[in-house]
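pasting the sequence and the predicted coordinates here, then a few questions.
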Amino acid sequence: MDFLQNYVELAAMVLFGIGFTTLLLHKNMIKKIIGFSIMDNAIFLFLAAKGYIEGRTAPIVVDGVQTVEAYINPIPAGLVLTGIVVSVSVTAVMLSLTIRLYRRYHTLDIDEITALCRKEGEE
Amino acid sequence: MMELHYALWQNIPFACIILPLASAAFTSVMKPRLARWWAMAVLTIVTVLSGVISAQYLLGAESYVFPMGHYYAPIGNEIRAGALEALTALFFSIIMLLSLMGGMKKLDEHIDGNKQNLYYVILLLLTAALMAQVYTNDLFTSYVFLEIMTLAACALIAIRKRGRTLVAATRYMIMNLIGSGLFLLGIVILYDLTGHLLMESIRGQVAQIAATGEYAQPLTVVIALFVIGLAIKSALFPFHTWVPDAYGYSTPTSQAVLSSLVSKGYIFLLVKIMYRVIGVDVIAATGIDDVLFVFAIAGMIMGSLSALRQNDVRRMIAFSSVAQIGYIYLGMAMGTEAGMMAAMFHLFSHAVCKSMLFLAAGGLADASGNSKLFRDLRGAGYRSPIAGVAFTIGALSMVGFPFLGGFVSKLNLALAGIALSPVKASIVLVTLAISTMFNTMYFLRTVITLYRKPLDGASYPVEKGQRGFCFNAALVLLALINITLGIFSQTVVNMITAGLGMFG
């Protein structure tokens, strides 16, 4: 069964869809940010799942040099780490923007905020 | 592996990235006044260095690859420089410097005094990210700097503390996060397919995959993810909804930088992906360039139509950007060398022109009691003469007046369009004609407004000392670059063609 063999990748794609839709369509800013986190983490899950081969270990030589077949490629894991750092900083910026919006408009609903901001008029 | 030797000038790309990146860190603890001169000095150095490397390619240097830390392909991270990269870096750094000069006076007004050094931090970070985007040879590095660019651009909008800019920055971030999410997924799937992150190595693998036809569907998905992700980030037509607010309400330097550099950085990355990662023939085989063609055509018309309806000059220029991005994508979607050349030329001419228009509009609005509405701008061309002339030159260039940059890019686009199949050729020519007509309508309407008599009873506060030397100098220099680009276009065209040849 091909389908079940790749269940992690499948789950990652489903999560990506959930996160993507939440980020795009949800009105609440906090839920948008949660959606963004789910979306990015789904990509990292996909990358981590693709980078792992069943039965192999991280490329750290313990008992002398083993064959290449004993190890996995460490680069996907490195990419996941880099990606997490980027994702965390983006989340921080989004949260700080949300705080400033909330202090000004006392709501988290982006449509309501837009309406309030239009009402303020030009400039 | 053989140890390579490099000439001194070949270190320039790395210097152009590391210099702004390192000085951004120092700028954060400086006093605002020192930070300003520091940022100006760094940007000047980057511009001069980019000029040196462009001169090397003008004299016929070869493209080269610079392995970072001397780890050679396929393991290490690489910088690559060629004629097109050098030219793009030169244009980006000049425009960055002149936009800062032109908008400097307004920064005092729009940003709290003790926070101004943060603005220069952002600007330097953005410069570093742009330079890295231009020179990098590694797909994942380009993603990291793409996110730095997005964050810097968001801060550029939000640093002016108004409700509108906050909302605009939030909307900008939401759309851009979707774009970079799709782009990252594309990189991950492509890495999974090919096992490489360096552009040349991926290209070799993709050619093999495409030849066997084994992974045709994943490859199509990857190309679609790249194209849609970067199209969202650079505001191609159906994804442009965040543009008018983001460009319209920020401070003039931010407007100029956002419209002429940030979106162009994403487009340059897409050009690199098309030529150096996937290959134009592979993209054409999937038919995605036809989708891009339709979006570009729609953008050229809808952007102009929306611009026609605005009564605020800055929002009009912002919508005009949407149309001009459509022009660039049209050239890219043609899938021919001539089309890509036209797209790159328009990228430069639009970048030079749009920054000048935004700065000039800021100056004109200042001379009209800080109002950007057309009825208040009547006669502003007399009250702020240099800004008026600069706006007129920019408007004429956008419309496609001979001897200016915009004329050459429209000519090149039309010439590239004629070489296509009859149906496509007629679509390109008709759309160019319609879009140019709309351009003329809204830009010349604005120019005429600038030189009309003010409404009865309208009085404007007389500005003491005008807007200062820096503003005028920046506008004059931008206007000169615009005219130079129109008159000496053949040199630029030759360099672009040589650079695209080095890509292939």
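Looks like it arrived, so ask away.

surely B:Arg383 is in contact with B:Ala367?
Yes: under the criterion of CB atoms under 8 Å, B:Arg383 makes contact with B:Ala367 at 4.0 Å. Heads up, the C-betas are built off the backbone N, CA and C, glycines and all.

in stretch B:212-219, what counts as buried?
By neighbour count on 16 or more other CB atoms under 10 Å in any protein chain shown, the buried set for stretch B:212-219 is B:Tyr215, B:Leu219.

what about it, start to end distance?
Taking CA to CA, to the nearest Å, the first and last residues of stretch B:212-219 lie 12 Å apart.

which residues does that stretch contact?
Here stretch B:212-219 makes contact (CB atoms under 8 Å, 6 or more residues apart in numbering or on different chains) with B:Ile189, B:Leu193, B:Val206, B:Ile209, B:Ala210, B:Val282, B:Thr286.

out of the residues you listed, give me the one that has the most neighbours.
Greatest neighbour count in the contacts of stretch B:212-219, by other CB atoms under 10 Å in any protein chain shown, goes to B:Val206: 22 neighbours.

how much space separates that one from B:Val271?
Distance, B:Val206 to B:Val271, by CB to CB, to the nearest Å: 16 Å.

cool, and A:Val93?
Applying CB to CB, the value for A:Val93 to B:Val271 is 28 Å.

which one's more surrounded, those two?
Legend: neighbour count by other CB under 10 Å for A:Val93 and B:Val271, higher for B:Val271 (22 against 16).

part of a helix, is B:Phe401?
No: counting by DSSP: H, G, I helix; E, B strand; the rest coil, B:Phe401 is located in no helix; its state is coil.

what about B:Arg33, which helix or strand?
If you go by DSSP states H and E, B:Arg33 is part of helix B:32-58.

which SSE is immediately downstream of that helix?
Downstream of helix B:32-58 (by DSSP H and E), the next one is strand B:64-67.

against which helices or strands is the following helix or strand past that next one packed?
Moving toward the C-terminus from strand B:64-67, the next helix or strand (DSSP H and E) is strand B:78-81. If contacts are counted by 3 or more CB pairs under 8 Å, 6 or more residues apart in numbering or on different chains; DSSP states H and E, strand B:78-81 sits against helix B:12-27, strand B:64-67, helix B:116-135.

which residues touch strand B:78-81?
So strand B:78-81 is contacted by B:10, B:12-14, B:17, B:53, B:63-68, B:135-138, B:198-199 (CB under 8 Å, 6+ apart).

do stretch B:68-75 as well
For stretch B:68-75, the external contacting residues (CB under 8 Å, 6+ apart) are B:1, B:3, B:14, B:65, B:67, B:76-79, B:196, B:198, B:200-201.

export that stretch to PDB, keeping only CA atoms.
In PDB, the C-alpha atoms belonging to stretch B:68-75 read as follows (Å, rounded to 0.1, in the frame of the first residue of the first chain):
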ATOM      1  CA  MET B  68      31.800  30.300   0.400                       C
ATOM      2  CA  GLY B  69      34.300  28.800   2.900                       C
ATOM      3  CA  HIS B  70      35.900  26.900   0.000                       C
ATOM      4  CA  TYR B  71      33.400  24.100   0.200                       C
ATOM      5  CA  TYR B  72      33.000  23.200  -3.400                       C
ATOM      6  CA  ALA B  73      29.800  22.000  -5.200                       C
ATOM      7  CA  PRO B  74      27.700  20.000  -4.600                       C
ATOM      8  CA  ILE B  75      28.200  20.500  -0.900                       C
END
